[in-house]
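K.L.:
I would like to see how this sequence folds:
(one chain, ligands or ions: 1)
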Amino acid sequence: MKDLFFLLCSVQLLASSVAVYKQWIPNTNFENASNWDKGQIPCAHDVVLFKSNEVISIFVQSTHSLSDMYLPLTGEFIMAPGAGFAAFDGSWDPGCDPGSAVSFTDAEHYKWHDPALWHAASSLEDLEEGKYIFAVDEERVPCQYDDVIFQPETSFRVNVDSSERMIHLRSISIMGQKFTSDTAFAEYMQSGSAQRQFHGNGTFQVTNTRCPDKSGCECGNAGEHERICATLLRDSGSQCPALACKDPFQPVGHCCEICGATLSLEYTSGFDIRQYENRIRHAFLSLPKYAGVQLAISKVRKPQTFLGIVPRDSIPVIQIVLLDDKMGSQTGTNAEQLAEAILRDIAEHGDSFGIVTGTVQIATGSNSSGQRGVAAGGTAAGILTGLLGLLLLSTMLFLYRKGLIRLPSARLTGLWDRKGAQDAVAGPSDKGFDMPTDRAESHGVCPGEEVLKEMTSKDTGIYFVNPLYDETELAV
Ligand SMILES: *[C@@H]1O[C@H](CO)[C@@H](O)[C@H](O)[C@H]1NC(C)=O
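P.N.:
Coordinates of the predicted model:
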């Protein structure tokens, strides 16, 4: 118990900053073989051809000797120190016979809103090491609080056509230069290089602002959903891939239906999305049995219906999408197991993370699909949301919890209250009952050692679930 407590503490301290970096993948570098129609970099005997009307910016890393080169009217070469072109001097170039015309491939079709053209990671280190995060399609494209990176020493050309006409970003880095202000970037956009790098009707707003809400922020790409999905699916004729489960469903922000599981969590203002994500990742996802499961967590706007029929306004929920690598009749079963473990955890400890209810949608190859729900507060309320509007549901839960809520021991209450007392908790749970664990934050959760002793010597450590606990312990 004590070790686990330490583990969770250190994990939380490590992950205090909320940031997502999105890195553009394609480039128009001269030395990138896939940018040439023959699939290899032009060599001494070759004649290099650019279309005369091609608008392009090309980074050149080294010196190339060429027989001849036909340049475009409005292109630019960005030369690395020491790079250049030399006329072929007749000397023998191994691996470069017979010599032919080589054309630069068209870079016009790369679109900003193509999810397949971005890598996402939660730190620059992770980006470098290729530790990318999984996200629904809308969130694979840069979101409003993301840092966008065009790698140093690469040239590129990107179509920024946008349905909303405005692309919001926290920052953008180009050729190693980071722009964090709107004016600085607007100025850059006037430059010749920018004109060759960006085309299309979208304009940028660079805010230098992080998501101000610890419960998370919506990505902000919902208005581009059609464009994003059309771009993603253009090579397959707008067809989503065939799936191995019977009742696949579509997570909010995703282009296609999936097999697997999606949880929707309703939360209070005490909820901290990064803290909760860390808990899920380290207490559950890191277990060997979930090795093939991918997890995406974000705040999304979920369309609601009243009594399952009448459309209502959408509400923000925390969506967790789980996919696994199982095949055939096993498809989605691993994701399902993890979803159920998370739901049990919410039933038992949801209050301490500011989670009010959780509902899950599951589709597996063995077709035990369906939707179920659970309420936080130690009472597994197996309520189907199919017929109950969520408004109704939360009202019921509020009344339910008001009477039945179990307070932890007085000693623990004091401990948890210390940090959380000043934090207001919005919504119906505001004054209905005092649930100090609702407000627990990463900073308040990890006290000094004396407090640790107090906690571990008493049999009250109910907040941290043992990741190895018996799965059958709680029925969902
Ligand atoms: C080469 O260019 C292609 C297309 O732009 C890109 O997908 C690929 O990552 C590039 N390769 C390298 C090594 O930069």
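K.L.:
Which parts of this structure are helices?
P.N.:
Taking DSSP state H as the criterion, the chain carries its helices at 2-14, 124-129, 182-189, 192-197, 225-232, 273-280, 333-353, 390-404, 410-420, 429-432, 442-445, 449-457.
K.L.:
So which bits of the second one are buried?
P.N.:
Of the residues in helix 124-129, Leu127 count as buried by neighbour count, 16 or more other CB atoms under 10 Å. C-beta: built from backbone N, CA, C; applies to glycine.
K.L.:
and if you look at the fifth one?
P.N.:
The neighbour-count criterion (16+ other CB under 10 Å) identifies His225, Arg227, Ile228, Cys229, Thr231, Leu232 as the buried residues of helix 225-232.
K.L.:
quick one: it to chain centroid distance?
P.N.:
Using CA atoms, centre = their mean, to the nearest Å, we find the averaged C-alpha position of helix 225-232 to lie 17 Å away from the chain's own average C-alpha position.
K.L.:
What of the fourth one?
P.N.:
Averaging C-alpha coordinates over helix 192-197 and over its chain gives two centres that are 29 Å apart (CA atoms, centre = their mean).
K.L.:
Which neighbouring elements make contact with it?
P.N.:
Using 3 or more CB pairs under 8 Å, 6 or more residues apart in numbering; DSSP states H and E as the contact criterion, the secondary-structure elements in contact with helix 192-197 are strand 57-60, strand 76-79.
K.L.:
List the buried residues in that helix.
P.N.:
Under 16+ other CB under 10 Å, the buried positions of helix 192-197 are Ala194, Arg196, Gln197.
K.L.:
The helices and strands packed on helix 192-197: which one's closest to Leu265?
P.N.:
Nearest to Leu265, of all the helices and strands packed on helix 192-197, is strand 57-60, at 44.6 Å by CB to CB.
K.L.:
So what are the sheet partners of the closest one and their directions?
P.N.:
Partner strands and pairing direction for strand 57-60 (DSSP bridges) are strand 76-79 (parallel).
K.L.:
Report the buried residues of the partner strand.
P.N.:
Of the residues in strand 76-79, Glu76, Ile78, Met79 count as buried by neighbour count, 16+ other CB under 10 Å.
K.L.:
burial count for the closest residue to Cys217 other than its chain neighbours?
P.N.:
Counting by CB to CB, 6 or more residues apart in numbering, Cys217 lies nearest to Cys211, which is 3.7 Å off, once chain neighbours are set aside. Summarising burial for Cys211: neighbours were counted as other CB atoms under 10 Å, giving 21.
K.L.:
Cys211 contacts Glu218, correct?
P.N.:
No. Applying CB atoms under 8 Å as the test, Cys211 and Glu218 come out as separate, 9.2 Å apart.
K.L.:
Identify, from the buried residues of strand 76-79, the entry nearest to Ile172.
P.N.:
Distances from Ile172 to the buried residues of strand 76-79, taken as CB to CB, are shortest for Ile78 (17.5 Å).
K.L.:
Distance check, that closest one against the ligand.
P.N.:
Ile78 sits 15 Å away from the ligand when distances are taken as CB to the nearest ligand atom, to the nearest Å.
K.L.:
same thing with Pro241?
P.N.:
Counting by CB to the nearest ligand atom, the gap between Pro241 and the ligand amounts to 21 Å.
K.L.:
same thing with Glu226?
P.N.:
Counting by CB to the nearest ligand atom, the gap between Glu226 and the ligand amounts to 25 Å.
K.L.:
How is this protein divided into domains?
P.N.:
By the record's domain assignment, the chain is partitioned as 2-24+111-222, 33-103, 240-378, 402-474 (automatic domain parsing).
K.L.:
Is the ligand within reach of stretch 112-132?
P.N.:
No. Counting by CB under 6 Å from any ligand atom, the ligand has no neighbours in stretch 112-132; the shortest distance is 7.9 Å.
K.L.:
got the buried residues for that stretch?
P.N.:
Residues of stretch 112-132 classed as buried by neighbour count (16+ other CB under 10 Å): Trp112, His113, Asp114, Pro115, Leu117, Trp118, His119, Ala120, Ala121, Ser122, Leu127, Tyr132.
K.L.:
quick one: contacts of it?
P.N.:
For stretch 112-132, the surrounding residues in contact (CB atoms under 8 Å, 6 or more residues apart in numbering) are 19-26, 110-111, 133, 135, 137-142, 149, 158-162, 167, 200, 202, 224, 227-228, 231-232, 255.
K.L.:
and it, what's its mean pLDDT?
P.N.:
Rounded to a whole number, the mean pLDDT of stretch 112-132 is 96.
K.L.:
for stretch 376-389, same thing?
P.N.:
Per-residue pLDDT values across stretch 376-389 average out to 40.
K.L.:
Also stretch 206-221?
P.N.:
For stretch 206-221, the mean pLDDT works out to 95.
K.L.:
Phe271: how many residues sit nearby?
P.N.:
A count of nearby residues for Phe271, using other CB under 10 Å, gives 24.
K.L.:
Based on its surroundings, how many neighbours for Pro72?
P.N.:
Other residues within reach of Pro72, judged by other CB under 10 Å, total 17.
K.L.:
let me fix that: Met327
P.N.:
Residues near Met327, counting by other CB under 10 Å: 9.
K.L.:
Among the buried residues of helix 192-197, find me the one that's closest to Ser352.
P.N.:
Using CB to CB as the measure, the one of the buried residues of helix 192-197 that approaches Ser352 most closely is Gln197, at 47.9 Å.
K.L.:
quick one: that closest one and Ser155 touch, right?
P.N.:
Yes. With the criterion set as CB under 8 Å, Gln197 and Ser155 qualify as a contacting pair; they are 7.4 Å apart.
K.L.:
Quick check: bridge partners of the residue nearest to Leu66 when sequence neighbours are not counted?
P.N.:
Excluding its sequence neighbours, the residue lying closest to Leu66 (CB to CB, 6+ apart) is Val48, at 5.6 Å. On the basis of DSSP bridges, Val48 is bridged to Met69, Val102.
K.L.:
How about the one 10 residues further on?
P.N.:
Following DSSP bridges, Ile58 is listed with bridge partners Phe77.
K.L.:
Which residue does the stretch 151-300 of the chain have closest to the ligand?
P.N.:
Taking CB to the nearest ligand atom as the measure, the point where the stretch 151-300 of the chain comes nearest the ligand is Thr154, at 7.0 Å.
K.L.:
Please report how far that residue lies from Glu31.
P.N.:
With the distance defined as CB to CB, to the nearest Å, Thr154 ends up 10 Å from Glu31.
K.L.:
What is the neighbour count of Val47?
P.N.:
The number of residues packed around Val47, counting by other CB under 10 Å, is 16.
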